[in-house]
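Novice: Fold the following, please.
(chains A and B)
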Amino acid sequence: GDSVTQTKGPVTLSEGTSLTVNCSYETKQYPTLFWYVQYPGEGPQLLFKVPKANEKGSNRGFEATYDKGTTSFHLQKASVQESDSAVYYCVLGMSNYNVLYFGSGTKLTVEP
Amino acid sequence: NSKVIQTPRYLVKGQGQKAKMRCIPEKGHPVVFWYQQNKNNEFKFLINFQNQEVLQQIDMTEKRFSAECPSNSPCSLEIQSSEAGDSALYLCASSPTGGWAETLYFGSGTRLTVL
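Specialist: Numbering: from 1, shown residues only, chains lettered A, B, ... in the order given. Coordinates of the predicted model:
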């Protein structure tokens, strides 16, 4: 069946350090890949849509590259800020279901 | 800030009671989704609509859950007889087309606690 697996949290980092959240998936479909972020007390919001294979997507200093060969799309940021504290979800959109499949989420806490 | 409006923010019910929550999708978005997010941050798709028509729904939704999106009124999700396991954050999202490659715009959710 279809599945998406991401780095288990929680992750605690100091401001200015780098972040990597790993995400991999299994499906026979050709998915569209997203990263969503959820701040405390809010619903998820799109961080960015990962573009086609081997192209890099980015927003607010976050980047992700989709590796079709390994069916993975890892989220990275070179220097995190306290305001980046949130839960990050890798998400799949698949044509035969027309709904989004969310990973389990990675809770990030950035300490000053 | 999200333009999807969900009310109420918090809902507390006893087991067996009805629980109803509402959602006003973003203007111009004909497709509406309901998701359940549990305390482990796991998301479960419940149902989606395009205009007033149901597109997809899961079995759980068919039995105790009812939902509608009438024209010119907020969408709603109602649990006919609440159970403890229904305690969760219920998220409404809207989309301009509902396509599988489209961004969803989420509200802040209704947090249901079933005592």
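Novice: Number of residues surrounding B:Thr97?
Specialist: 12 (other CB atoms under 10 Å in any protein chain shown). No exception for glycine: its C-beta is placed from N, CA and C like everyone else's.
Novice: Show the pLDDT at A:Asn96.
Specialist: Note on A:Asn96: pLDDT of 60.
Novice: can you list contacts of the host helix or strand of B:Leu46?
Specialist: Assessed by DSSP states H and E, B:Leu46 sits inside strand B:43-50. With CB atoms under 8 Å, 6 or more residues apart in numbering or on different chains as the test, strand B:43-50 has contacts from A:89, A:98-100, A:102, B:30-38, B:54-58, B:60-61, B:65, B:67-69, B:75, B:77, B:91, B:98.
Novice: Can you go through the residues you listed and name the buried ones?
Specialist: Among the contacts of strand B:43-50, the ones that count as buried by 16 or more other CB atoms under 10 Å in any protein chain shown are A:89, A:98-100, A:102, B:30-37, B:57, B:61, B:65, B:67, B:69, B:75, B:77, B:91, B:98.
Novice: what is the residue nearest the centre of chain B paired to in the beta sheet?
Specialist: Geometric centre of chain B, nearest residue: B:Trp34, 3.3 Å, by CA atoms, centre = their mean. Using DSSP bridges, the beta-bridge partners of B:Trp34 come out as B:Ile47, B:Cys92.
Novice: Isn't it up against B:Tyr90?
Specialist: Yes. With contact defined as CB atoms under 8 Å, B:Trp34 counts as touching B:Tyr90 (6.6 Å).
Novice: for stretch A:36-48, which positions count as buried?
Specialist: In terms of neighbour count (16+ other CB under 10 Å), stretch A:36-48 has its buried residues at A:Tyr36, A:Val37, A:Gln38, A:Gly43, A:Pro44, A:Gln45, A:Leu46, A:Leu47, A:Phe48.
Novice: Just give me the closest of the residues you listed to A:Lys8.
Specialist: Distance to A:Lys8 across the buried residues of stretch A:36-48 (CB to CB) is lowest for A:Gln38, with 16.3 Å.
Novice: so the closest one makes contact with A:Gln45?
Specialist: Yes. Between A:Gln38 and A:Gln45 there is a contact under CB under 8 Å: 7.4 Å.
Novice: wait, what's in contact with the closest residue to chain B within chain A?
Specialist: Residue nearest to chain B within chain A (CB to the nearest CB): A:Gly43, separated by 3.2 Å. By CB under 8 Å, 6+ apart, the residues touching A:Gly43 are B:Ser2, B:Val4, B:Leu91, B:Ala93, B:Phe106, B:Gly107, B:Ser108, B:Gly109.
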